[in-house]
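Novice: Sequence isn't available, so here's the structure alone:
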């Protein structure tokens, strides 16, 4: 059974800092990995999708890497801003014909002005 | 990105009543949609897979008679919580993949259900 772990559970940084969020998964036979952002009481916004054959994806100040063999992914946020404050969720999709995602519990990020 | 719309965003109901939550894919067709439940400070847990034109597939431990799922069209899936109890209070979120090759998942805004 796939298990996804995110470290740290919470992170508080001053504005402008670069930061790294970590995600690990127990079964390396994944189809893809997706990072999401969730604001309090809201749904999920897709940030980056990394296919299993890819090593990284970039979007603006965000960069996500994937090391499938070691079961790890990182989300790098450059020059953090207060508007980046949210919960960041990592999810992996297993192989096969279904679209089931297994989620981590998330990292609650607070960026202080 | 693709848009998935969920309605209502919040609902309060009395114990014993039923509540229907709608999930629509606005700019693409979704033969499959997913329903998740999220408790405070917890991960999203998959409840069931909604399949257009056929029965939903429920995860282990999810009561199919309590959480009725209907996927009558390629753009709409509904989740009905029947005979709701306070312990059903939670955040429910739907998801749909835009296409089979991309498999990027897009989520609705979520529905906060409070049963009093």
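Specialist: Now that the structure is in, tell me what you want to look at. Given the structure is predicted, the values throughout are model-derived calculations rather than measurements.
Novice: CA only for contacts and neighbour counts going forward, please
Specialist: OK.
Novice: Residues of chain A that sit close to chain B?
Specialist: Chain A has residues A:34, A:41-46, A:49, A:99-106 near chain B, with proximity defined as Cα under 8 Å from any Cα of the partner chain.
Novice: Give the helix, strand or coil label for residue A:105.
Specialist: With DSSP: H, G, I helix; E, B strand; the rest coil as the basis, the three-state label of residue A:105 is coil.
Novice: Contact partners for it?
Specialist: When the contact criterion is Cα atoms under 8 Å, 6 or more residues apart in numbering or on different chains, the partners of residue A:105 are A:4-6, A:9, A:89, B:41-44.
Novice: and if you look at residue A:29?
Specialist: Listed by Cα under 8 Å, 6+ apart, the contact set of residue A:29 reads A:68, A:94-95.
Novice: likewise residue A:67?
Specialist: Contact partners of residue A:67, counting by Cα under 8 Å, 6+ apart, are A:55, A:73.
Novice: Could you give the bridge partners of it?
Specialist: Counting by DSSP bridges, residue A:67 is bridged to residue A:72.
Novice: Now do the phi/psi pair for residue B:86.
Specialist: Recorded main-chain torsions at residue B:86 are phi -50, psi -30, according to degrees, to the nearest 10.
Novice: scratch that, residue A:84 is what I was asking about
Specialist: Torsion angles at residue A:84 (phi, psi; degrees, to the nearest 10) stand at phi -80, psi -10.
Novice: what about it, distance to residue A:11?
Specialist: Distance of residue A:84 to residue A:11, computed by Cα to Cα, to the nearest Å: 12 Å.
Novice: Between the two, which contacts overlap?
Specialist: Any residue near both residue A:84 and residue A:11 by Cα under 8 Å, 6+ apart counts here, and that gives A:109-110.
Novice: Run through who's touching stretch A:70-79.
Specialist: Under the contact criterion Cα under 8 Å, 6+ apart, stretch A:70-79 has outside partners A:15-28, A:35, A:61-67.
Novice: Take the contacts of residue A:105 and write them to CSV, including distance to residue B:82, secondary structure and neighbour count.
Specialist: Rendered in CSV, the data for these read as follows (distance: Cα to Cα, whole Å; DSSP: H, G, I helix; E, B strand; the rest coil; neighbours: other Cα atoms under 10 Å in any protein chain shown):
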residue, distance to residue B:82, secondary structure, neighbour count
A:4, 31, strand, 20
A:5, 33, strand, 20
A:6, 34, strand, 23
A:9, 34, coil, 17
A:89, 30, strand, 26
B:41, 25, coil, 12
B:42, 24, coil, 12
B:43, 24, coil, 19
B:44, 21, strand, 23
